[in-house]
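> Mind looking at a prediction? Sequence and model below.
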Amino acid sequence: MKRVLLILAALIALVGGALAAFVLYRQHQGRDVRGSSTVEYVTTFAPPPLPKPVAAKIPWPTYGLVPERTRDAAGLGLRPPYRRLWTYHAGSLIEFPPAIGYRRLYFATNAGNFYAVNAETGKRAWRFRSHRCVAAAPAIHDAVVFEAFMNRPPCNASGGHGLDGEVIAFSVGFGKIRWRTRIGPTESSPLVAHGRVYVGDWRGKVYALDEQTGKIVWSFRTGGKVKGAAALSGNRLFVGSYDGHLYCLAADSGKQIWRASSQPRLGHGGRFYSTPAVAYGRVYVGATDGKMYSFGAHSGTLRWSHHTGGYVYASPAVWKGLVLAGSYDKSFYAFDAATGDIRWKFRANGPISGSGTVVDGVVYFATLRRKTYAVAAASGKLLWTYPDGKYTPAVADSHRLYLVGYGQVYGMAER
């Protein structure tokens, strides 16, 4: 009996040691990785500015401003503080920011109403009632505005395979429907480029739709829900999935070029809700494991990772060598784009879920406690606040800043 007890004790010690070793191994795998400024990092490989004639008609065509989703608008001549010119009361939550084109703002509410509002006066031009839930920003191209719609209420319905959503193309003038394509519930802000409309859905698919007809040109299946939007650089499409992977696909064919992963941790790795941003030959994306990641855009190799103290649902902005994003830990971070080192951190009044926007060197972000901050992108110095907001708070044109509150949009001019 004594011998049996000794054997059991030895086995328990062996299993305990193996478990401890596994925990240490996982902790090592999940450690922060510091990046290099010489490996797969090209300072000249930054998103090109929008062509001036297009910018005049469509100053903010898509979520993140450009296909690379870098959220950096320069040369508009806008600086805080601001005064309010008009307010549009939308009646329910506005989770994603407007697109701006043809002197109008186009945006949707979570309750399913899609609006066109005059940018100068704040007066409604037209409205479309979808009777669906919406959690995406529209995109504008060639006098057509494209929006993605989720399932019909309840908006927090689980699943996705038994539910449906759709992408609808509207004429910008009067909201006439050009086409509508049924897919799974989608909260993926459309990206329009090369005659295609790129979106993802809860069924785990990424789609390329024909811009003129809405016909599905190709689709690619991931292993989890695709909730964020895709980013595009050249012929490479980057999109994250709830299966914990970031995918690089050929934009013309949907063929997988590479697949990267969040770092493994005890239990599971992080999931990607954040929309990627592409600059300097890197892809930057936040994850639910509380980390910001940088992958090589060409290779898919992890170039750096850095933890925060909470979920990083926010999609990063990229500005002058900095990656700017908030976390659920109530802090907004500026990471060095090459190494991942924290250059500055700003403590806000609540969790940050939405994406920051840089306008003329000022980064605007909002907290879930309904407050918008404007801080200097270079230093994190507080410049201005506004007592409304919740998710992505701002877009702009050369005339004014448009601030997105919980259920309102404000037209703001310099004070």
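Looks like it arrived, so ask away.
> in the stretch 51-200 of the chain, which ranges drop under the pLDDT threshold?
Within the stretch 51-200 of the chain, the set of residues satisfying pLDDT under 70 comprises 159-161.
> And the strands in it?
Applying DSSP state E, counting those that start in this stretch to the stretch 51-200 of the chain gives strands spanning 72-73, 82-89, 99-101, 104-108, 113-118, 124-129, 139-141, 144-149, 165-171, 177-183, 191-193, 196-200.
> To Tyr284, which of the ones you listed lies closest?
The closest approach between Tyr284 and any of those, judged by Cβ to Cβ, belongs to strand 72-73 at 12.5 Å. In short, each C-beta sits where N, CA and C put it, glycine included.
> packing partners for that closest one?
strand 317-319, strand 357-359 (3 or more Cβ pairs under 8 Å, 6 or more residues apart in numbering; DSSP states H and E).
> So what are the sheet partners of the first one and their directions?
So that's strand 317-319. Next to strand 317-319 in the sheet, as set by DSSP bridges, lie strand 322-326 (antiparallel).
> Distance check, the closest residue to Trp218 other than its chain neighbours against Leu383.
Closest residue in space to Trp218, ignoring its immediate chain neighbours: Gly254 at 3.7 Å, by Cβ to Cβ, 6 or more residues apart in numbering. From Gly254 across to Leu383, the span is 43 Å (Cβ to Cβ, to the nearest Å).
> Also Thr43?
27 Å.
> go on, Val239?
From Val239 across to Leu383, the span is 34 Å (Cβ to Cβ).
> now Arg84
Taken as Cβ to Cβ, the span from Arg84 to Leu383 is 17 Å.
> now Leu368
Per Cβ to Cβ, Leu368 is found 21 Å from Leu383.
> Walking through this structure, point out its helices one by one.
Under the criterion DSSP state H, helices of the chain are mapped to 2-29, 52-57.
> that older thread, turn the helices and strands packed on strand 72-73 into a markdown table, columns for mean neighbour count and mean pLDDT.
Output for the helices and strands packed on strand 72-73, formatted as a markdown table (neighbours: other Cβ atoms under 10 Å; pLDDT from 0 to 100):
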| stretch | mean neighbour count | mean pLDDT |
| --- | --- | --- |
| strand 317-319 | 26 | 97 |
| strand 357-359 | 25 | 97 |
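> Tell me which of those strands lies nearest to Gly112.
strand 357-359 (24.7 Å).
> residues near Gly77, how many?
11 (other Cβ atoms under 10 Å).
> I meant to write Ala251 there.
Neighbours of Ala251 under the rule other Cβ under 10 Å: 23.
> Then Ala208?
Other residues lying near Ala208 total 26 when counted by other Cβ under 10 Å.
> How confident is the prediction for it, by pLDDT?
Listed pLDDT for Ala208 reads 98.
> quick one on the thing from earlier: can I get the strands of the stretch 51-200 of the chain in CSV with mean neighbour count and distance to Ser305?
CSV is the format used below for the strands of the stretch 51-200 of the chain (neighbours: other Cβ atoms under 10 Å; distance: least, Cβ to Cβ, whole Å):
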stretch, mean neighbour count, distance to Ser305
strand 72-73, 26, 23
strand 82-89, 15, 36
strand 99-101, 25, 32
strand 104-108, 26, 33
strand 113-118, 21, 37
strand 124-129, 14, 41
strand 139-141, 25, 30
strand 144-149, 26, 29
strand 165-171, 22, 32
strand 177-183, 16, 32
strand 191-193, 23, 25
strand 196-200, 26, 23
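> Spatially nearest residue to Asp388 (excluding sequence neighbours)?
Nearest to Asp388 is Gly405, by Cβ to Cβ, 6+ apart, at 3.4 Å.
> Enumerate every residue touching the one you found.
94, 370, 372, 388-390, 393 (Cβ atoms under 8 Å, 6 or more residues apart in numbering).
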